[in-house]
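Show me how the following folds:
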Amino acid sequence: MVILIAGYVIFTTNNSRNGEVQTSFNDLLPIKSQGLGSLCSSEAECNAFCLNNRGMCESYCRGNENELCRIIFPPEKDSAQSAQVQKKETCISNPSPLFTSTFTDIDKIAGVSQFGNNGFYNPGSQARSYVFIAESEITTVYAPVNATITHIYYSDKNYSGYIRPEYRIDIDVSCEVHIAFDHIVNISDWLKPFAPQVPSPGRNPGVEVNVPVKAGDTIGFTTGTYRGSKSGGFDFLILNKARHLPRLNEARWTTDHSLYYGCPYDYFTPNLKQQYYALLQKENAESSCGPRVKEVVGTPQGYWFQGNAIETQGNRFVIYEGNHFVEWTIISKEDEKLQYYRTHEKNSVSLAQINEGKSACYQDKEKNAYVFLKMLANDSLSLAAGTGACPSAFPETEVNTFVR
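Next up, the predicted model:
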């Protein structure tokens with residue numbers, strides 16, 4: 001099909017974004033030589049065109065800083081401020097949006113996890129549910145609701161020496177609700193003009209965008225995290241600024257991921273929610289979607305700190321119990337070195353049974369390490385950690401006290 005619009009010719013295709021008519025930069029046949037090259041001519045016409053074809057306009061203006069480019073794309077600082085103001089003015093308040101479309105192909109999913117985990121050395125992990133892809137499958141990632149893509153990251157991920165570029169897509173659903181998908185292997189062709197063209201190593205600022213999507217739009221494709229010939233999992237997280245989840249000590253928690261997290265599957269229509277809950281891989285007896293790690297007063301369960309430590313710095317300790325394991329993380333303020341352990345041979349005393357005056361020891365035989373816990377008065381915890389097997393009794397020396 002050929003369409004004539006505002007003095008330029010576009011060849012259209014129907015092979016992307018769920019059958020919608022799409023254009024690409026290479027499909028554009030230049031007719032005009034004024035304004036933004038062959039894209040448009042007058043300021044009003046170019047403003048209208050670039051609103052819906054930002055990638056094309058940015059591509060042209062990178063190497064052609066003429067007067068019209070400076071008007072539409074002002075200097076970076078002013079542009080960022082303008083975009084922020086526009087975002088604040090145009091977002092719609094809705095603390096309880098309803099997700100009407102599946103976010104992926106359900107038949108390609110082996111399971112989904114309760115949200116959150118014990119890796120609070122990485123704040124973002126508090127808000128994530130892990131979506132496990134069936135072996136040797138690749139699945140599509142869709143927009144679950146009408147929303148706006150606000151940020152695209154493109155990073156080289158290091159899998160024990162194997163480097164693979166992956167995307168993370170951040171999406172604003174409303175003024176209060178934000179979602180993100182991580183470990184996306186490829187994005188849709190229509191989205192690529194807005195994304196970074198070259199992956200960056202490690203964490204990077206990505207690019208801020210303002211790209212509307214409709215429920216059911218294809219965003220990208222993934223096999224999840226790299227697992228050789230097998231499929232892995234990708235991350236699905238949600239933050240809701242209208243729903244502040246309480247903590248035992250609010251002063252310890254500083255990131256949005258730890259204060260406004262929740263279950264992403266609770267926002268779907270009843271039919272979809274039921275299907276996702278049926279896929280929940282529960283690692284404890286609870287039937288809820290999460291959080292996976294809970295702080296239980298009077299027991300060791302949950303998060304612990306020394307001195308003025310907060311979730312991102314200082315001496316920290318967290319311990320969690322599943323149906324068949326206990327896992328814990330110790331982080332030292334000296335070098336921020338993570339020490340993560342797990343045992344599948346927990347003793348007869350569960351964390352829930354360790355109240356004031358009681359103790360229990362857990363050993364990670366693979367790492368030849370143990371942690372010995374003893375609950376104290378006023379919901380405080382005495383902890384001894386070392387190498388080798390568990391001591392026969394709680395140690396008298398090299399013991400640390402933690403509080404909530």
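
remind me which residues of the protein are low pLDDT?
1-34, 38, 47-56, 58-59, 62-65, 72-89, 117-125, 283-287, 335-338, 346-348 (pLDDT under 70).

all helices for it, in order.
In the chain, the helices defined using DSSP state H lie at 43-52, 54-62, 67-72, 76-90, 256-259, 270-278.

In this structure, spot the strand with the most residues.
If you go by DSSP state E, the chain has its longest strand at strand 147-159.

What strands flank that one, and is each parallel or antiparallel?
Under the criterion DSSP bridges, strand 147-159 sits next to strand 162-172 (antiparallel), strand 200-201 (parallel), strand 207-213 (antiparallel) in its sheet.

Give me the contact list for the second one.
Contacting residues not belonging to strand 200-201 are listed as Tyr154, Ser155, Asp156 [C-beta atoms under 8 Å, 6 or more residues apart in numbering]. Every residue, glycine included, has its C-beta placed from N, CA and C.

ok, Gly233 touching Glu135?
No. Gly233 is not in contact with Glu135 according to C-beta atoms under 8 Å; the separation is 11.6 Å.

In terms of neighbours, single out the busier of these two.
Gly233 (21 against 11; other C-beta atoms under 10 Å).

tally of neighbours for the residue nearest to Tyr267 when sequence neighbours are not counted?
In this structure, Tyr267 finds its nearest non-sequential neighbour in Phe99, 4.7 Å apart by C-beta to C-beta, 6 or more residues apart in numbering. As a burial measure, Phe99 scores 24 neighbours (other C-beta under 10 Å).

Spit out the contact partners of Phe99.
Pro144, Val145, Ala215, Tyr267, Phe268, Thr269, Leu272.

So it versus Phe317, what's the distance?
36 Å (C-beta to C-beta, to the nearest Å).

what residues does stretch 310-319 touch?
118, 120-121, 123, 251-255, 258, 293, 300-309, 326-333, 336, 351, 371, 373, 381, 383, 400, 402.

Give the buried subset of the residues you listed as a ChimeraX selection command.
Only the buried entries of these go into this ChimeraX selection, using 16 or more other C-beta atoms under 10 Å:
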select :118,120,121,123,252,253,255,258,293,300,301,302,303,304,305,306,309,326,327,328,329,330,331,351,371,373,381,383,402
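
among the contacts of stretch 310-319, which are in strands?
302-305, 326-331, 371, 373, 381, 383, 400, 402.

Would you check that Ala389 makes contact with Tyr370?
Yes. Using C-beta under 8 Å, Ala389 makes contact with Tyr370 at a distance of 6.7 Å.

between those two, which one's more packed in?
Tyr370 (20 against 12).

bridging residues for that one?
Counting by DSSP bridges, Tyr370 is bridged to Gln363, Gly386.

got it, and the one 5 residues further on?
On the basis of DSSP bridges, Met375 is bridged to Leu381.

roughly how far apart are it and Glu321?
Counting by C-beta to C-beta, the gap from Met375 to Glu321 is 14 Å.

and if you look at Lys214?
From Lys214 over to Glu321 (counting by C-beta to C-beta), the distance is 42 Å.

Name the residue in the two with the higher neighbour count.
More crowded of Lys214 and Glu321, by other C-beta under 10 Å: Glu321, with 21 against 14.

you'd agree the more buried one is up against Gln301?
Yes. Assessed by C-beta under 8 Å, Glu321 is found in contact with Gln301 at 6.8 Å.

quick one: common contacting residues for these two?
Common neighbours of Glu321 and Gln301 (criterion: C-beta under 8 Å, 6+ apart): Leu351, Ala352.

Dump the contacts of strand 200-201 to a markdown table, plus neighbour count and distance to Asn355.
Supplementary listing: the contacts of strand 200-201 in a markdown table, determined by neighbours: other C-beta atoms under 10 Å; distance: C-beta to C-beta, whole Å:
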| residue | neighbour count | distance to Asn355 |
| --- | --- | --- |
| Tyr154 | 20 | 49 |
| Ser155 | 19 | 44 |
| Asp156 | 14 | 47 |
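
Which of the residues you listed sits closest to Ser93?
The closest of these to Ser93 turns out to be Tyr154 (C-beta to C-beta; 31.0 Å).

Which strand residues bridge the closest one?
Where Tyr154 sits in a bridge, its partners, by DSSP bridges, are Tyr167.

What distance do you get for it to Asp189?
Counting by C-beta to C-beta, the gap from Tyr154 to Asp189 is 15 Å.

Repeat that for Gln197.
Taken as C-beta to C-beta, the span from Gln197 to Asp189 is 13 Å.

cool, Val141 as well?
Distance of Val141 to Asp189, computed by C-beta to C-beta: 14 Å.

When those two are compared, which one has more neighbours?
Between Val141 and Asp189, Val141 has the larger neighbour count (other C-beta under 10 Å), namely 26 against 14.

so who does that one touch?
Contacts of Val141 (C-beta under 8 Å, 6+ apart): Phe103, Thr104, Ile169, Phe181, Ile184, Thr218, Ile219, Gly220, Phe221, Thr222, Phe234.
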